[in-house]
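1. coordinates for the following, if possible.
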Amino acid sequence: MTEKKESNETRQLKERLVRDQVRVWDLISTEEREQVRAYSDDYRGFLNYARTERRAISFFVEEALEAGFRDVYELGAPTDRLFMVSRGKLLAMAVRGRQWATDGIRLITTHVDCPRLDLKPNPLYEDTGLALLKTHYYGGIKKYHWVARALAVCGTVIRGDGSTVEIEIGFDNDDPILTITDLLPHLSRKQMEQKASEFVPAENLNLILGFTPYEDKDAGDRVKLAILERLNSKYGLTEEDLVTAELQVVPAEPARDAGLDRGLIAGYGQDDRVCAYAAFRALLDSKTPEHPAVAIFYDKEEIGSEGNTGAQSRILEMFLAEIMGKWGIEPSQTNLNRVFFNTKALSADVTGALDPTYPDVFEKRNAAKLGYGINVTKYTGHGGKYMASDANAEYAGWIRKLFNENSVVWQAGEGGKVDEGGGGTVSKYLAKTGMDIIDCGPPILGMHSPLEVCAKEDVWMCNRAFKVFFGS
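-> Just a heads-up that it's a prediction; the model follows:
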């Protein structure tokens, strides 16, 4: 049978009308491929440093100071590059533009908190000769992901005298690791008959902290006492200090290249530190943009953007009022309203990538794929777009034109089949101000797991997209 060939006219018509998705790797030069590798190495190093939101913010602040940014409250500081930190867990940054802020800013919002286990207020106890820690999971996790794996504890403790101590246990090769035991398969018949959401109860996520008893054989809870003695000797802590501590349990293993070709990055916390890092680097590279460029790195997104460091707080409004005053604009409510109404924003957050092992929950025509660039998500939410922020056609079209004209490789997709579930980002909270906002970010596999996977070229393209946006 003779194979039919398309006519030149048909091929030209398809080129003009049909949208073909092309892999990033096929569209970038040899030099750009080297940039992908170098950027990915730097990003992976950031992941291994920024194990908590506090560490991520401290990393950004240190580099921002070196790049000439100054605290908005610092007297006499230059006013073109400013930042503000809230409670050590939220950061807002701005670069002054050529136009007035009331004409609109270019805003990128991300978040630096990640799903994890937190310690309960009274965590330490002894049972059956083991010292253990009680935990309370934070954000959307699959509880079975966190058993029988190497874990670390890190965070901030305020001692009784008001002094602060930072704790990190489990990351260095010489450190002991911590773990949560799983039930042996020989005795797990009943467990294996339960639903996945139930066979590891939350109250079973108990971390083994120690085993060696205190020397005095007549002492009660000898292992617990020995652990407290160690904590006091090394960190100056008492048991009461644990009540007010912010201690998190996270995977101990570092982020690493994945695949024999090293084309992927596997590591904890890429939702959403991948976007946070890209936005931060893009803002540092912004010199004198047309519009003021602002990035804000929120906390608490994984639990609904609550609290005084989440997107439902008024921190962004406070920061904009401060920088407007520094830039000679009266920070009245009327002027703030104008800033918000004229602002163009990206809610930078990851999306679930089409997983060939679990294709049934995705609608393939509308699913993001690894290696095809940054994903633009016009709306989030679940079911009938409930709890969604839905960008209007004009703004979605503006983003599309901006990316196309600046060689940003992008794709468009949803989080999965309509009736399978869904999720949200900070965009719906920012949209309440009247600004135009749309979600975008790289696709990742294994979202919210202790080992998320992304493509290096998508990570790099995310940074390019944010640079283009800040420069628009």
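2. count the neighbours of Arg54 for me.
-> Arg54 has 21 neighbours, counted by other Cβ atoms under 10 Å. (C-beta placed from N, C-alpha, C; glycine too.)
3. same deal with the one 10 residues further on?
-> Summarising burial for Ala64: neighbours were counted as other Cβ under 10 Å, giving 21.
4. show me what contacts it?
-> Going by Cβ atoms under 8 Å, 6 or more residues apart in numbering, Ala64 touches 81, 83, 93, 280, 284.
5. if you skip the residues just before and after it, what's nearest to the last one?
-> With sequence-adjacent residues excluded and distances taken as Cβ to Cβ, 6 or more residues apart in numbering, Leu284 is closest to Ala67, at 5.0 Å.
6. how close does the one you found get to Ala266?
-> Using Cβ to Cβ, to the nearest Å, Ala67 is found at 29 Å from Ala266.
7. give me the more crowded residue out of these two.
-> When Ala67 and Ala266 are compared for neighbours, Ala266 comes out ahead with 20 against 13, by other Cβ under 10 Å.
8. you'd agree that one is in a strand?
-> Yes. Inclusion of Ala266 in a strand is indicated when DSSP: H, G, I helix; E, B strand; the rest coil is applied.
9. surely it meets Ser449?
-> No. Using Cβ atoms under 8 Å, Ala266 makes no contact with Ser449, being 10.1 Å away.
10. still on that earlier bit, out of the contacts of Ala64, which are inside strands?
-> Among the contacts of Ala64, the residues falling in strands (DSSP state E) are 81, 83, 93.
11. what pairs with the closest residue to the last one other than its chain neighbours across the strands?
-> It stands for Met93. Spatial nearest neighbour of Met93, chain neighbours left out: Phe83 (4.4 Å); criterion: Cβ to Cβ, 6+ apart. According to DSSP bridges, the residues that bridge with Phe83 are Asp71, Met93.
12. surely Phe83 touches Leu91?
-> Yes. Here Phe83 reaches Leu91: they are 6.3 Å apart, a contact under Cβ under 8 Å.
13. compare those two (neighbour count), which wins?
-> Taking neighbours as other Cβ under 10 Å, Phe83 and Leu91 compare with Leu91 leading, 29 against 21.
14. excluding its backbone neighbours, what's nearest the more buried one?
-> Phe297 is the one closest to Leu91 (Cβ to Cβ, 6+ apart), at 4.5 Å.
15. residue contacts, that neighbour?
-> Applying Cβ under 8 Å, 6+ apart, we find Phe297 in contact with 56-57, 60, 90-92, 110-112, 276, 279-280.
16. tell me the secondary structure at it.
-> Going by three-state DSSP: Phe297 is strand.
17. pLDDT wise, what is it at?
-> The pLDDT attached to Phe297 in the predicted structure is 98.
18. may I have the beta-bridge partners of it?
-> Phe297 has these beta-bridge partners by DSSP bridges: Leu91, Thr110.
19. Glu53 versus that one, what's the distance?
-> 8 Å.
20. before we move on, the earlier item: the residue nearest to Leu284 reaches Met93, doesn't it?
-> No. If you go by Cβ under 8 Å, Ala67 and Met93 don't touch, sitting 9.9 Å apart.
21. which neighbours do the two have in common?
-> Arg81.
22. can you give me the helices in this structure?
-> 8-17, 30-49, 53-66, 189-192, 222-235, 270-284, 315-326, 333-342, 393-405, 427-431, 456-470 (DSSP state H).
23. now for those helices, which one comes closest to Lys417?
-> Of all the helices of the chain, helix 270-284 sits nearest to Lys417, with 20.1 Å by Cβ to Cβ.
24. pLDDT on that closest one, on average?
-> Throughout helix 270-284, pLDDT has a mean value of 97.
25. let the chain start at 216 from now.
-> Okay, using 216 as the starting number, the last item reads as helix 485-499.
26. orientation of it relative to helix 245-264 in degrees?
-> 120 degrees (axes from the mean of the first three to the mean of the last three Cα atoms, to 10 degrees).
27. contacts for helix 485-499 next, please.
-> Helix 485-499 has contacts (Cβ under 8 Å, 6+ apart) with 258, 261-262, 265, 271, 275, 278-279, 282, 308, 310, 323, 325-327, 329-330, 470, 508, 510, 512, 516, 563-565, 656-657, 659, 662-663, 667, 669, 674, 677-678, 681-682, 684-685.
28. give the buried residues for stretch 614-633.
-> Judged by neighbour count using 16 or more other Cβ atoms under 10 Å, the buried positions of stretch 614-633 are 614, 617-618, 623-631.
29. please read the previous query as pertaining to stretch 296-303.
-> Using 16+ other Cβ under 10 Å as the test for burial, stretch 296-303 gives 296-301, 303.
30. which residues touch that stretch?
-> Contacts of stretch 296-303 (Cβ under 8 Å, 6+ apart): 269, 272-273, 276, 279, 282-288, 306-311, 371, 514, 523-524, 528, 530, 533-534, 537-538, 541.
31. among those residues, which ones are buried?
-> The neighbour count (16+ other Cβ under 10 Å) marks 269, 272-273, 276, 279, 284-285, 287, 306-311, 371, 514, 524, 528, 530, 534, 537-538, 541 as buried among these.
32. who touches both of Phe512 and Glu268?
-> Contacts common to Phe512 and Glu268, judged by Cβ under 8 Å, 6+ apart, are Val327.
33. what sits against Tyr254?
-> Counting by Cβ under 8 Å, 6+ apart, Tyr254 makes contact with 671, 674-675, 678.
34. tell me which of the residues you listed is nearest to Lys335?
-> Among the contacts of Tyr254, Val674 lies closest to Lys335 (Cβ to Cβ), at 35.1 Å.
35. is that closest one in contact with Ile480, as I believe?
-> Yes. In terms of Cβ under 8 Å, Val674 counts as a neighbour of Ile480; the distance is 6.8 Å.
36. what is in contact with these two at once?
-> Taking Cβ under 8 Å, 6+ apart as the contact rule, Val674 and Ile480 both touch 255, 258.
37. follow-up on the earlier one: for the buried residues of stretch 296-303, give me JSON lines that also has pLDDT and distance to Pro416.
-> Output for the buried residues of stretch 296-303, formatted as JSON lines (pLDDT from 0 to 100; distance: Cβ to Cβ, whole Å):
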{"residue": "Arg296", "pLDDT": "97", "distance to Pro416": "49"}
{"residue": "Leu297", "pLDDT": "97", "distance to Pro416": "47"}
{"residue": "Phe298", "pLDDT": "97", "distance to Pro416": "43"}
{"residue": "Met299", "pLDDT": "97", "distance to Pro416": "41"}
{"residue": "Val300", "pLDDT": "97", "distance to Pro416": "38"}
{"residue": "Ser301", "pLDDT": "96", "distance to Pro416": "35"}
{"residue": "Gly303", "pLDDT": "95", "distance to Pro416": "33"}
